[in-house]
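In: give me a model of this one.
(chains A, B and C)
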Amino acid sequence: MKLLEVKDLTIVFEEGRQRQTVVDHVGFSMDEGEILGVVGESGSGKSMMAHCLMGLYKPHERVAEGSVLFDGQSLLDMPAEARRQVQGNTMSIVFQEPMTSLNPVKKIGPQVEESLYIHRKDVGKQERRELALKALQDVELPNAREVYDSYPHELSGGMRQRVMIASAIVCRPKLLIADEATTALDVTIQAQIIRLLRKLNASTGMSVLFISHNLRVIQEICSRAIVMWQGQIVEEGTVEEIFRRPQEDYTKRLIAAIPTRRKRRGF
Amino acid sequence: MKYVLKKVITLIITLLCISAITFGAFSVIPGDAAVSKLGVNASPQQVEELREEMGLNDPIPVRYLSWLSGAVRGDFGDSYQYDNTTVASLLADRLPVTALLAAMSFLMILALSLPLGILSARFSGKWPDIGINLATQVVMAIPSFFLGIILTYVFGLVLHWFQPGQFVQPWEDLGACLGYLAFPAAAVALPKIAMVVKFLRGSVLAEMQKDYVRTAYSRGNTKGMVLYRHVLRNAFIPVITFLALVIAEILAGSIIVEQVFSVPGVGRLLITAILNRDYPVVQAVVMYVTALVVVINFLVDLLYQAVDPRIKTSG
Amino acid sequence: MKRWNYSLLAGCILSGAVLALALVGQFWTPYDPTAMDASVRNAAPSLAHLCGTDNFGRDIFSRIMNGAFTTCFVAICTVLIGAVGGTLVGAVTGYFGGPLDNVVMRVNDVLLSFPSVLLALVLVSLMGPGTANIIAALGILFIPSFARIVRGEYLRLKNQDFVWSARIMGAGNLRIMFVHILPNLFVSMLTTAAVGFNNAVLAEASMSYLGLGVQPPETSLGRMLYEAQTYLFNAPWYAIFPGVTIIIIVLGFSLISEGLRERESRG
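Out: Numbering: from 1, shown residues only, chains lettered A, B, ... in the order given. Now for the predicted structure:
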């Protein structure tokens, strides 16, 4: 069964009489338990598409047409209250900026627990704390109890991104959107986070929509990917295929832009 | 606690500097205190005797030190304009009145500006916000003493809700006193309410742009929940500093508004002292206000630490 | 599409109207502002006397025209003193930095945390009341706020490329400070000046109201309110019209500064 089916999704940016199409008739689907990569340069509309799936819109942004079927529900025409019940519950997101994505004046614990507090009214305070600690352990933070009582500024960037993932998975969502989640981190931490996401995917069956501008990172985390360029999907297939027989000019250039060891030696 | 100690030392140094500067300034200005006390018809010999008695012939540093040693014990010398009255007793009569007035207007500011500012930010761009915006813009342009005059006219002379000029001391009838002070307090508070509303609105809107707000929305928070659970605490941090400034402004505002409503407080004392060149009183009032402002800033620094966890570890 | 800057427009209309009245008042007023007329004491507003008359039968509208001029004159002089002094202090401390900067800015911060009316009262009690003294006292008090803005701008600009290129071309420090950097401060100075003008108008009005500012036979809006208070019951218009004039001036200039800021942020 398909977990996510996006059809003809078109997002426009409107201000005054100006109208710009940022995501243009995008269609793809994801299976349950799949990791799907989305690759494209900045401004290709991939982040905006992800935020739209999540129900986050900036001012002047609007879905012009298309449909999104998630877990058997049509996301775009459900009432706002039902839409809110999906956010952070069955679908959640991790953003690019671990340094600023956490509330600076709240301790980590309450922030990780927040989705539970909002969506699982039946879960008591004590149990919430335990589930949050469990989530912090799941993201391989060594001293979960200590982290639980810390403030964001007391943690490193890599730790904060783990906290962000913990807060995203605390409700055990079916789909996790990782929007450039490793971009701001240095290479070793990046590799750790990728490994962590793969592990979570394998152990819980949670699907991951992994968005990155870096083809190499995409190659490491998923088997199937879509390539976006100027708001459109220009290529779709297994990562192998994309690498071996790039169909589109743009993809070829994207691959050529990856620094390889051989090239580096040449300089 | 090293941080607190450092702050206390800065506080004392600031007070010493300001007292020295004001004392120096009042010492070098032309005009002889002894002459002004005795009147221009006094004989030179009388003036000379009084100068000696008042210690005016000592060099300025000596006079400053003797003034300072008195001041720390609460003794600011004698007033020039009222015979046989110490500055301390003049202040003791008037301080409670001004304190009451300032406290009332501060409470009014808190009670009105916080909800209005939040409301305005919550509905930014919609009609409650537009209405509040227009009102703050206009109210900020009204000088507090003119507001006082209008309140006197409308509530005092036309509606007779209070008797302008018939101030009741707090120790005689606290209820009547508060009823009277409510009007000057409102005159002081209104322009400041507008300022705080505007500042708070700006602060909340700036916070709403931050990344953590997006995170909060992604967890399924409604706009109201994002505001109350995440944004407000962050948005209040700069407002605290602003409120400290507002307290200083309340004191300044009450100096003038006391004049409008004939409230016998520190402000009225200061104005009459200035008009009569009663420098010991002016000096003492300046020191009191200075000390108050400096201490408030000090408390705000401490409050900051309590609200913003980021300061504790770095400070 | 160009959007109207309503704040700027409304501000210019309001303050322009009052300034025009004040200027005209220097050459022509409906009545002699000092001429007393016992037959029309405390007369209510009418077609003959637009704003009524005061206790001596003087025409309030004519007096407002004169008083507004004095008030604006004091405010403009004050802002000029503050701007020139503040620019010198801010430019030197911001451009050169070092221990001098530290000390001056400390003093600046202490001064800024004090209510300006109180400091003005102290200065006036030292110098005595009067128009020239009030200009001097307020002007000195306005130096710190300008100095802080100017210093900030110099800190920001002093390491920018155009300054370096000027230095390489052999321009001296003074030339760089005042020929190369200073023109860039125009807009922020304009905004600060508009705010400063308002504070000056309010401060002058307060001081004159307390009887410590402008002395008769000269008149200012604050002085008129001082005189009007005694006759509040018999002639409320005596207080209302000068007060409303102050409000219009201040509202106009705060709208102008708001509009300038809006224009700057829109780019």
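
In: once you drop chain neighbours, what's closest to residue 136?
Out: No chain specified, so I'll use chain A. Closest residue to residue A:136 apart from its sequence neighbours, by C-beta to C-beta, 6 or more residues apart in numbering or on different chains: residue A:144 at 3.8 Å. (Glycine included, C-beta is placed from N, CA and C.)

In: to clarify, I was referring to chain C.
Out: Per C-beta to C-beta, 6+ apart, closest to residue C:136 is residue C:127, 6.8 Å.

In: how many neighbours does the one you found have?
Out: 14 (other C-beta atoms under 10 Å in any protein chain shown).

In: can you give me the distance of it to residue A:19?
Out: Going from residue C:127 to residue A:19 by C-beta to C-beta, to the nearest Å gives 64 Å.

In: about what we covered before: residues contacting the residue nearest to residue A:136?
Out: Under the criterion of C-beta atoms under 8 Å, 6 or more residues apart in numbering or on different chains, the neighbours of residue A:144 are A:133, A:136, A:137.

In: among these, name the buried ones.
Out: Buried positions within the contacts of residue A:144, assessed by neighbour count (16 or more other C-beta atoms under 10 Å in any protein chain shown), are A:133, A:136.

In: please narrow the contacts of residue A:144 to those residing in strands.
Out: Residues of the contacts of residue A:144 located in strands (DSSP state E): none.

In: low-confidence ranges in chain C?
Out: C:1-4, C:40, C:43, C:266-267 (pLDDT under 70).

In: show me which residues of the stretch 51-200 of chain C sit near chain B.
Out: Within the stretch 51-200 of chain C, the positions lying close to chain B (C-beta under 8 Å from any C-beta of the partner chain) are C:110, C:113-118, C:121-122, C:124-126, C:198.

In: chain A next: which of those are close?
Out: Among those, no residue sits close to chain A (C-beta under 8 Å from any C-beta).

In: need the max-distance pair from those.
Out: Maximum pairwise distance in these, criterion C-beta to C-beta, is 25.3 Å, between C:126 and C:198.

In: compare these two and say which is more crowded by neighbours.
Out: Using other C-beta under 10 Å, the more surrounded residue of residue C:126 and residue C:198 is residue C:198, with 24 against 18.

In: measure residue A:50 to chain C for me?
Out: Distance, residue A:50 to chain C, by C-beta to the nearest C-beta, to the nearest Å: 29 Å.

In: for that residue, give me the backbone phi and psi.
Out: Per-residue torsions, residue A:50: phi -60, psi -40 (degrees, to the nearest 10).

In: thought residue B:219 was touching residue A:87?
Out: Yes. Using C-beta atoms under 8 Å, residue B:219 makes contact with residue A:87 at a distance of 6.5 Å.

In: looking at those two, which is more packed in?
Out: Higher neighbour count among residue B:219 and residue A:87: residue B:219, with 26 against 22, using other C-beta under 10 Å.

In: which of the contacts of residue A:144 sits closest to chain C?
Out: Distances from chain C to these, taken as C-beta to the nearest C-beta, are shortest for residue A:136 (41.0 Å).

In: now the helices for the stretch 101-250 of chain C?
Out: Counting by DSSP state H, counting those that start in this stretch, one finds helices in the stretch 101-250 of chain C at the ranges C:116-127, C:131-157, C:161-168, C:173-175, C:186-209, C:221-228, C:236-266.

In: which parts of chain B belong to which domain?
Out: With automatic domain parsing as the criterion, the domains of chain B are listed as B:2-72, B:88-276.

In: could I get those as CSV with mean pLDDT?
Out: Converted to CSV, these look like this (pLDDT from 0 to 100):
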stretch, mean pLDDT
domain B:2-72, 75
domain B:88-276, 88
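
In: which residues does residue C:59 bridge with?
Out: According to DSSP bridges, the residues that bridge with residue C:59 are residue C:53.

In: show me what contacts it?
Out: Per C-beta under 8 Å, 6+ apart, neighbours of residue C:59: C:29, C:30, C:31, C:32, C:33, C:35, C:49, C:51, C:53.
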